[in-house]
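Trainee: predicted structure and sequence below. I'll ask about it afterward.
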Amino acid sequence: MVIVPASMRRALALVAVAALLVAASVAHAAGLGRVLATDTAHGTEAIASEAGSIDSPKAIFVKVTASPKQEVLGSYSTICSKGTRTKKNSVDFDGTSPVTVKVQASIPGADTCSIGAAAGLSESGSITLKIFGR
């Protein structure tokens with residue numbers, strides 16, 4: 001029988017809790033798909049922008065988080081193609097952070113889509129923009 005000191009048991013418990021929180025965070029993000037692109041900005045009226053692409057998209061999302069929690073304004077543009085057909089689409093969005101927007105592909109059942117997104121803060125703080133796809 002091995003006797004583990006109380007301080008080590010507490011440390012192991014904290015590590016286990018931290019691992020569970022990380023796993024829960026990853027599982028939540030997994031529902032949105034894999035991260036295609038990410039950008040972070042800080043300051044007064046900070047703006048984050050990024051672009052990515054995905055083949056045979058099933059779903060695409062833009063997620064914006066701000067700290068401190070505040071109103072964010074954003075937009076995304078898609079250019080999708082299927083065979084020789086190409087079509088573009090642009091959408092503006094806003095909301096109180098965190099904001100997750102399901103992107104409307106410009107061609108349903110596209111072979112490939114490229115997406116560019118940008119979002120900005122209404123006040124000072126930090127902003128993170130992530131593009132997800134599956």
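Mentor: Thanks, I have the structure now. Numbers count the residues shown, from 1 in each chain.

Trainee: what about residue 54, neighbour count?
Mentor: Around residue 54 sit 22 other residues, with neighbours defined as other C-beta atoms under 10 Å. C-betas here are computed from N, CA, C, even on glycine.

Trainee: show me what the nearest residue to it once chain neighbours are set aside is bridged to.
Mentor: The shortest distance from residue 54 to any residue other than its chain neighbours is 3.9 Å, reached at residue 133 (C-beta to C-beta, 6 or more residues apart in numbering). Listed beta-bridge partners, residue 133: residue 34, residue 60 (assigned using DSSP bridges).

Trainee: ok, residue 133 - contacts?
Mentor: Applying C-beta atoms under 8 Å, 6 or more residues apart in numbering, we find residue 133 in contact with 33, 34, 36, 52, 54, 57, 59, 60, 61, 115.

Trainee: any chance of the residues you listed in CSV, plus distance to residue 69 and pLDDT?
Mentor: As requested, the contacts of residue 133 are exported to CSV (distance: C-beta to C-beta, whole Å; pLDDT from 0 to 100):
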residue, distance to residue 69, pLDDT
33, 24, 95
34, 26, 96
36, 25, 97
52, 26, 96
54, 29, 97
57, 30, 95
59, 26, 95
60, 25, 97
61, 19, 98
115, 25, 97
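
Trainee: weed out the non-buried ones from these.
Mentor: Buried by 16 or more other C-beta atoms under 10 Å: 33, 36, 52, 54, 57, 60, 61, 115, out of the contacts of residue 133.

Trainee: so the third one makes contact with residue 37?
Mentor: Spelled out, that is residue 52. Yes. Between residue 52 and residue 37 a contact is recorded at 3.7 Å, counting by C-beta atoms under 8 Å.
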